[in-house]
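Colleague: Provide a 3D model corresponding to the input given below.
(2 chains)
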Amino acid sequence: MIRTRFAPSPTGFLHIGGARTALFSWAYARHHGGEFILRIEDTDVARSTSEAVQAILDGMRWLGLDYDEGPIYQMRRMDRYKAVIREMLESGSAYYCYTAPEELDRVREAQRAQGLKPRYDRTWRPETGKTLPKPPDGVRPVVRFRNPLDGVVAWDDLVKGSIAIDNAELDDLVIARADLVPTYNFCVAVDDWDMNITHVIRGDDHVNNTPRQINILKALGAPIPRYGHLSMILGDDGQKLSKRHGAVSVMQYDENGYLPEAVLNYLARLGWSHGDDEIFSMEQFREWFDLDHITPSAAQFNTEKLDWLNAHYLREADNMRLAALLAPRLAALGVTLLQTPSLEAVVALYKERVSRLDQLADEVKVFYAPLEPDPDALARHLTPDALPALKDFAARILEVDPWDAPSINALVKDCLKAHKLKMPKLAMPLRVLLTGREHTPSIDGVIALFSRETVLERLKPAGVG
RNA sequence: GUCCCUAUCGUCUAGAGGCCUAGGACACAACCCUUUCACGGUUGGUACCGGGGUUCGAAUCCCCGUGGGGACGCCA
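Modeller: Next comes the predicted model:
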C-alpha cells in the first residue's frame, strides 16, 4: 500500500509551492490507489498558529485535495517522541549536549571565517576512551543525534536520480531542544515511520534533510521510504517566491477570480508534463500522473498562462455555478440583483469574454446598476446620421415578438436598411447607451437580456427613448 | 566559504544516441472570420549555456567551466 503525506508547518498560509507539493503527493497516492495523509508540523511552537492551520485546511479544501488521515498534529505526539528519544539515549544513538547557544554561535562564526562548513564540534559526543567534560550546573542540555562519522548516505531520488552525501558533511543535529520539544528532522523520521509512509514527496529545499532523516531512521531500525524532491516554483519575475515576489495564499487565487480547476491544471502542468497535453481534468491527471515526467529544475510561475487556463474553464463552467460565484462579488461591488435579466443569462453571454471572475463581475454589473453613459464614448458613436435609425428602432421596439435575439436582430437590420446604414453605425451607439461600454457581445443578444422597458429607459439620454 | 541540486524558444515544456531541418502551449506579430471587443482559424519569428571528450552519429552519455537554486539553526 502506497502512502504519501503532505506535511506543512503552520507558520503561514498555503502558498502555490506548497499547494503543488500537496497536489503531486496526493496525485501519486491516488494514482496508485494508495493513501494520502495530512500532517501538521507544528513543533515550532513560537511561530505556529491556529490561523495558519485553518488557512492550510481551507486551501486544501478549495483545491479538492482530500486526505485519508489527518490532520495529525505533531504536538499531540509528544509522548511518543519522548519515548523514542529516551530509547536513543539509552542505546547510545543520541546524547546530551551542554554547549550553550551563544558558544555554538561563536564556534560557527569562527568556522565560517576559516572557510569551513559551520558545524557542531562534538564536544559532548561520547566515544570509547573519551572523557567527557563535567556537565555545568544549571544548564539544561539538548539532545543530539549521534550521526555516523564516515560513509555516505545515498538514495535514488524519485525525481532527481541518485544523490549521495558524505556523512562527514553532516552534523550531530539537535533532536530535542532544552525545553524537551523535539525538532523537525527527528519528528519527521519518527512520523514517517509510525505512519508507514512509503513515498516522501516534498520540496527540494529538503534534499539536505534527507540524509539526516535516513540516518535517524536507520538508527531506529525503521524502513527507509522512497524520496522524491520537487523543484521549487519561482515567482512571475523569476525570483524566489517571497512576500515581495508573488508568494500569495492559494485562497488569494479564489479571491482574485480563479477557478480551482484552473489553478489545479496550471499547477499540475508546472514541472510535470504528459506529452503535449495542456488542458486536462483532475481525473485525467490522477490517471496520468507519474514521477518520471517531473522536471528537476525550478519553474517560473506564469500568470498569463494561468489566465488562459482560467478563461478556458470559465467558458466550460456551468452558468448556474458561475452565477452563484458571482453573486457575492456583485454584492461586494454594491450591486443589487434584479429579476431581469437573470444572472445566469448574463453570465452565459459574457463568460467567454473574460479570464477571471472579477472581470466577469465588472462586465455584468452594468446590467443591474444605473448607468451614466460616458460623454466621450457617446460623442464618438451617437452621430447625427445614426440618430434617425435609433429613433426608428426605439419606436418599433414594442412590435418585437418574441422578445429574443433573432427578432431583435431582425428589427436592427430593418432599421439599418431603411436608413442605409452599416451594422456598427447602430450597434455602437446602442452598446454605449445600454451598457456604457464600447465592447460587448453581439448587440442583439445584449438587448435581449433587458426588458423592452429598460431598453427604452436607457435610450433616453439619446433623446429617443 | 563548504556541500547538494540544476541548465531546450521570453515563459511552461516535448525529447531516454539516429524519428530533430528540435515539436506543443502561453505570450507576441500578421492575416482570416466579424456587429465592436473577445472567441475561433491560419501563418510567422524566437531555444538545445560554453568548452572538451565518448560514438559512425549527441539536445540526449561523461568531464570541466559558467549561470541559477538550495542547504549549512535549540526553523520547518
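Colleague: okay, stretch A:358-374 in PDB with CA atoms only?
Modeller: Taking Å, rounded to 0.1, in the frame of the first residue of the first chain, the C-alpha atoms of stretch A:358-374 are listed here in PDB:
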ATOM      1  CA  ASP A 358     -13.700  39.700 -11.100                       C
ATOM      2  CA  GLN A 359     -13.600  40.700 -14.700                       C
ATOM      3  CA  LEU A 360     -16.900  38.900 -15.300                       C
ATOM      4  CA  ALA A 361     -18.400  40.800 -12.300                       C
ATOM      5  CA  ASP A 362     -17.200  44.000 -13.800                       C
ATOM      6  CA  GLU A 363     -18.900  43.300 -17.100                       C
ATOM      7  CA  VAL A 364     -22.100  42.000 -15.600                       C
ATOM      8  CA  LYS A 365     -22.700  44.800 -13.100                       C
ATOM      9  CA  VAL A 366     -23.800  47.200 -15.800                       C
ATOM     10  CA  PHE A 367     -27.000  45.200 -16.200                       C
ATOM     11  CA  TYR A 368     -28.000  45.900 -12.600                       C
ATOM     12  CA  ALA A 369     -26.600  49.300 -11.800                       C
ATOM     13  CA  PRO A 370     -27.900  52.600 -13.100                       C
ATOM     14  CA  LEU A 371     -25.800  53.900 -16.000                       C
ATOM     15  CA  GLU A 372     -24.200  57.100 -16.600                       C
ATOM     16  CA  PRO A 373     -23.000  56.900 -20.200                       C
ATOM     17  CA  ASP A 374     -19.500  58.200 -20.900                       C
END
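Colleague: now tell me what touches it from outside.
Modeller: A:256-257, A:314, A:322, A:326, A:329-330, A:333-338, A:341, A:343, A:346-347, A:350-351, A:353-354, A:432-437, A:449-450, A:458, A:461 (CB atoms under 8 Å, 6 or more residues apart in numbering). C-beta here means a position set from N, CA and C on the backbone, and glycine is covered the same way.
Colleague: what do you get for stretch A:405-419?
Modeller: For stretch A:405-419, contacts defined as CB under 8 Å, 6+ apart pick out A:385, A:388-390, A:392-393, A:396-397, A:399-401, A:421-423, A:425-427, A:430, A:442-445, A:447-448.
Colleague: buried residues in that stretch?
Modeller: A:405, A:408-409, A:411-412, A:415-416, A:419 (16 or more other CB atoms under 10 Å).
Colleague: who does the residue nearest to residue A:68 when sequence neighbours are not counted bridge with?
Modeller: Nearest residue to residue A:68 in three dimensions, chain neighbours excluded: residue A:35, at 4.2 Å (CB to CB, 6 or more residues apart in numbering). When bridges are called by DSSP bridges, residue A:35 pairs up with residue A:3.
Colleague: was I right to think residue A:35 contacts residue A:1?
Modeller: Yes: if you go by CB atoms under 8 Å, residue A:35 and residue A:1 touch, sitting 6.7 Å apart.
Colleague: who has more neighbours, those two?
Modeller: Set residue A:35 next to residue A:1 and count neighbours by other CB atoms under 10 Å: residue A:35 wins out with 19 against 9.
Colleague: quick one: contacts for that one?
Modeller: A:1-4, A:29, A:68-69.
Colleague: let's see 6 Å
Modeller: Residue A:35 makes contacts with A:3, A:29, A:68, as judged by CB atoms under 6 Å, 6 or more residues apart in numbering.
Colleague: so it versus RNA strand B, what's the distance?
Modeller: Noted for residue A:35: a distance of 21 Å to RNA strand B, by CB to the nearest atom of the strand, to the nearest Å.
Colleague: before we move on, back to that, near RNA strand B, which of the buried residues of stretch A:405-419 show up?
Modeller: Applying CB under 7 Å from any atom of the strand to the buried residues of stretch A:405-419, one finds that A:409, A:412 fall near RNA strand B.
Colleague: now the two most distant members of the buried residues of stretch A:405-419.
Modeller: For the buried residues of stretch A:405-419, the maximum inter-member distance is 21.4 Å, found between A:405 and A:419 (CB to CB).
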